[in-house]
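Participant: how would this look folded up:
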Amino acid sequence: MTLTLQATMTFGQAGQWTWVHGDSACCQTAVYGTIGVFAPTNTPGAIYEACEWTDQQGKFWLLDNYDLWQYDPTINQWAWMKGPMGVMVWGVHGTKGVGSPSNYPGYREKGTATWTDNNGDLWLFGGLGMDSLNNFGYKNDLWKYDIGANEWTWVKGSNGVGVAPTFGTKGVSTLSNTPGGKFETSATWIDSNGDLWLFGGVGLDSLSSVGAWNDLWVYDIPTNEWTWISGDNFINPSAVYGTKGVPSITNKPSGRYCYNRWIENDNLWLFGGQMMGGLKLNDLWRYNISTTEWTWVSGSDTTYHPGVYGEKCIPSLTMYPSARNESRSTWTDQNGNFWLFGGIRFSSLNDLWVFNSTTTEWTWVFGDTILNPPSNHGKLLVSSPTNDPGGKNGPVGWADTLGNLWLFAGQAGSPYNDLWKFEIDPNCNGITGITEFQQNFEFQIVPNPFDQTTTVIFYLDNSEEVTIELSDLLGQQVQTLSKGDRPIGRNEVTIDTDDLSAGIYILTIRLGDYFKSEKILKTKY
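Facilitator: Here you go, the predicted structure:
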């Protein structure tokens, strides 16, 4: 066992992981120290599917099933802030709406929803926990933690377990509405109005049957009311994918355990997860709050898809991560790009991906395509290209004020409490959305959409070999349309797709080691 004994981090290297705190071995217990006091030897214990927040000062917060912790990345130290020191208790709800130093949510596990509101308060909903009779089940209680007062407030919901949802009328808020007891979801967002959004998860219906939901809810803090916005009011609904890239009021994700989520300009994004029966997904969805429409943006509409990995640091419309769940570690970087790490397919993963929501391109940044890749902690506080957190499911993530990505704990057969930092490499092109091409390169497809033939128009600064390929939306190459040397200046290549069915395809043009892809739409067979 190796414990952190240093107070500050020595350095980080772009594109590399640094093990910064905690243990390199599994299954370690917490070191609490004095409550409310940071110390270099303090550390949470090994944990899987914890709860996480980032406050307005850039500090990281963690609920490790039992206790509330704070981590200061500027000094590399933890402080135990509140809780029963690892004792499984049902909690103290107190009086609804009234904060108290003695209030506490109690034991939580497996995908509890969290938010940090615009006032800097930390919010928590649901999860798997206990009631006052030690019954274990799905919680629907909503809590707020005031950092300055160091007090929890039970805001809404039941202090029991196994509460079924009360949907009410879609789009209409009431005090009696509730999403019901839920766990296995961290798909949460805060919109520009400061409202709290929640999607999916697993819970009981009105007949006490267990299933996965696709319901989308919003909570209005001032009115203390939930509103059912989208999705179904029954368990295990199927998805309606529609056409990839095309929003529709009838589109909807399937019911699922859901983890990866991001927000940009009041568009709510979610990725993958798992349906009941263990069916894992890698579909990427966007929900537009204004139009109330879902869009299937990327990934497959099948389960257990292996993903399309391609080449690291090269963005592509035809690449995307494999199907997975328990990949709660999610970040948005300072350029607005979406990141995800690991999770579990058949076994744990260690791949790091970034998605550009403007170009809708994924980039594979780090990690392996194999299952259960081993970790390599290296030396504490020393970056190295060979450092690797290893395959993990259920870790949590934070982003610091400098734009670095942090990863904590998770499970690789057994739970860990190691803390990692990843410094983003701006030269990994998918991170900035830059496409590797000549500075003066121009690329057009005219017409697009088209019936049978279309023309690719581009300009070259130098005479060189050009390859034009066509792939389907699963990333499988359909055919090579053109390959050969092209002269300097304007070039036109006519594409005949007579033998292809109608639909959306990806046209890729390659110049040596460089490439760019665009979607094309064939309207007739």
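
Participant: and the residue lying closest to residue 453 once chain neighbours are set aside, what are its phi and psi?
Facilitator: In space, and not counting its chain neighbours, residue 453 is closest to residue 496: 5.1 Å by C-beta to C-beta, 6 or more residues apart in numbering. (C-beta placed from N, C-alpha, C; glycine too.) Dihedral angles of residue 496 (phi, psi; degrees, to the nearest 10) stand at phi -110, psi 120.

Participant: for residue 449, same thing?
Facilitator: Dihedral angles (degrees, to the nearest 10) for residue 449: phi -70, psi 170.

Participant: that one contacts residue 505, doesn't it?
Facilitator: No: Residue 449 is beyond contact range of residue 505, at 10.9 Å (criterion: C-beta atoms under 8 Å).

Participant: with neighbour numbers in mind, choose between these two.
Facilitator: Each of residue 449 and residue 505 has its neighbours counted (other C-beta atoms under 10 Å); residue 505 has more, 20 against 14.

Participant: strands along the stretch 151-300 of the chain, start to end?
Facilitator: 151-156, 188-190, 196-204, 210-220, 225-230, 260-264, 267-275, 279-288, 293-298 (DSSP state E, counting those that start in this stretch).

Participant: now do the shortest one: everything it contacts.
Facilitator: Pointing back at strand 188-190 there. With C-beta atoms under 8 Å, 6 or more residues apart in numbering as the test, strand 188-190 has contacts from 113-118, 125, 196-199, 261, 263, 268.

Participant: one more pass at 7 Å, please.
Facilitator: Residues from elsewhere that reach strand 188-190, judged by C-beta atoms under 7 Å, 6 or more residues apart in numbering: 113-115, 117, 196-198, 261, 263, 268.

Participant: ok, back up a step: a markdown table for the strands of the stretch 151-300 of the chain, including mean neighbour count and mean pLDDT?
Facilitator: Shown next, in a markdown table, are the strands of the stretch 151-300 of the chain (neighbours: other C-beta atoms under 10 Å; pLDDT from 0 to 100):
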| stretch | mean neighbour count | mean pLDDT |
| --- | --- | --- |
| strand 151-156 | 22 | 98 |
| strand 188-190 | 19 | 98 |
| strand 196-204 | 26 | 98 |
| strand 210-220 | 22 | 98 |
| strand 225-230 | 22 | 99 |
| strand 260-264 | 21 | 97 |
| strand 267-275 | 25 | 98 |
| strand 279-288 | 23 | 98 |
| strand 293-298 | 22 | 98 |
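
Participant: so for residue 373, which of those sits nearest?
Facilitator: Residue 373 lies closest, by C-beta to C-beta, to one member of the strands of the stretch 151-300 of the chain: strand 279-288, at 17.9 Å.

Participant: tilt between the closest one and strand 260-264?
Facilitator: Strand 279-288 and strand 260-264 are oriented at 10 degrees to each other (axes from the mean of the first three to the mean of the last three C-alpha atoms, to 10 degrees).

Participant: can you give me the offset of strand 279-288 from its chain's centre?
Facilitator: Strand 279-288 sits 10 Å away from the centroid of its parent chain (C-alpha atoms, centre = their mean, to the nearest Å).

Participant: can you tell me which of the contacts of strand 188-190 is nearest residue 31?
Facilitator: residue 114 (24.0 Å).

Participant: so for the helix or strand hosting that closest one, mean pLDDT?
Facilitator: Assigned by DSSP states H and E, residue 114 belongs to strand 113-116. Taken as a whole, strand 113-116 has a mean pLDDT of 98.

Participant: adjacent strands (with direction) for the helix or strand following it?
Facilitator: Next helix or strand after strand 113-116 toward the C-terminus (DSSP H and E): strand 122-125. The pairing partners recorded for strand 122-125 under DSSP bridges are strand 113-116 (antiparallel), strand 142-146 (antiparallel).
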